[in-house]
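J.: how would this look folded up:
(one chain, ligands or ions: 1)
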Amino acid sequence: MHPCTVFGQGVGASAGRGEGRFRHYWRMPFWIDTHCHLDAPEFAADRAAMRARAAAAGVGHCVLPAVAAFNFDAVRHLAHEFEDSYALGIHPLCVKDAQEGDLALLDAELGRHRSDPRLVAVGEIGLDFFVPELTQSPLRERQEHFYREQLLLARKHGLPVILHVRRSADRLLKYLRELVPPGDGWQGIGHAFNGSLQQAEEFLKLGFKLGFGGAVTFDRALQLRRLATELPLSAMVLETDSPDIAPHWLYTTAEQRSQGQAQGRNEPAELPRIAAVIAGLRGITVDELAQAARSNTLAALPGLVPLLPC
Ligand SMILES: [Zn+2]
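T.: Numbering: from 1, shown residues only. Coordinates of the predicted model:
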């Protein structure tokens, strides 16, 4: 269902019934989930219902990043089916199984679909130095090789990038600085950002916005909560990373899981509740956060401009 349909029905139904009702519909926050893996097998049984739940909750647009060559077609098809958008790229955790030829395939796919208005970025790409195996040779170098080559492809095709940042902020920044595109520089999102304030500021200087999601809902996430509070509002975009990074109300502990309880599945419909936590931390209204997050998202991913209702 297109977000216009939801809003259009509200406005149409209210015509002639008074301005108050009209205003009510248009004041409903419009949320953008800038990072969700709707093609994940976790959603196989109820994907359309899950997307409809998100729309009903006010999540009017989702950005679907790819993770490897095997899901390039899936994210593109789903973005068209749900009237969302997508990114193409090879995730650092998928580099181990990726072939060198996948970079050429990515280049070809970006070229083939460059005029597709729903292709809005290269991603998800980056470096993951959390998983110990990936911090050592040869996977460390292999990650860096795939990351650098994909930054070059983003430059070549004139697309923003969606970055996976896990214990890797400084190294990611090094390559971004080396390869700044001529003209306006970088655009894009540091997704699930969890670095220091200083590192955050370096990404902002390079033109990035930073993605916040379910991790911020945990009381014990002190550093992340401070970051979500201290950064300028112009820095922030919102995401769920569905089906991962469950907010605290869906999270099951290791003990609960050992007793057979499944990890809670995150989905885009959770975004407004996650946003309410962030708005509460910052002492602003959810409307203010929704509006700022929307304009920040459009700055990071300008390809969304023609896709969203005005
Ligand atoms: Zn992701």
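J.: any stretches of the stretch 1-150 of the chain with poor pLDDT?
T.: 1-27 (pLDDT under 70).
J.: all strands of it, in order?
T.: Applying DSSP state E, counting those that start in this stretch to the stretch 1-150 of the chain gives strands spanning 31-33, 59-65, 85-88, 119-128.
J.: direction included, what does the longest one pair against?
T.: I take that to be strand 119-128. strand 85-88 (parallel), strand 161-166 (parallel) (DSSP bridges).
J.: give the buried residues for that strand.
T.: Neighbour-count burial for strand 119-128, with 16 or more other Cβ atoms under 10 Å as criterion, is recorded at Leu119, Val120, Ala121, Val122, Gly123, Glu124, Ile125, Gly126, Leu127, Asp128. The C-beta positions use only the backbone N, C-alpha and C, and glycine is treated the same way.
J.: could you give the angle of that strand to strand 59-65?
T.: 60 degrees (axes from the mean of the first three to the mean of the last three Cα atoms, to 10 degrees).
J.: just give me the neighbour total for Leu106.
T.: Neighbours of Leu106 under the rule other Cβ atoms under 10 Å: 25.
J.: just give the nearest non-adjacent residue to Glu239, would you?
T.: His35 (3.7 Å; Cβ to Cβ, 6 or more residues apart in numbering).
J.: isn't the one you found right up against Thr240?
T.: Yes. Using Cβ atoms under 8 Å, His35 is in contact with Thr240, at 7.1 Å.
J.: between the two, which contacts overlap?
T.: Both His35 and Thr240 are contacted by Gly213, under the criterion Cβ atoms under 8 Å, 6 or more residues apart in numbering.
J.: just to revisit the earlier point, make CSV out of the buried residues of strand 119-128 and add distance to Val165.
T.: Below are those laid out as CSV (distance: Cβ to Cβ, whole Å):
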residue, distance to Val165
Leu119, 22
Val120, 19
Ala121, 15
Val122, 15
Gly123, 12
Glu124, 10
Ile125, 11
Gly126, 6
Leu127, 8
Asp128, 9
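J.: from those residues, which two are the most distant?
T.: Maximum pairwise distance in the buried residues of strand 119-128, criterion Cβ to Cβ, is 24.2 Å, between Leu119 and Asp128.
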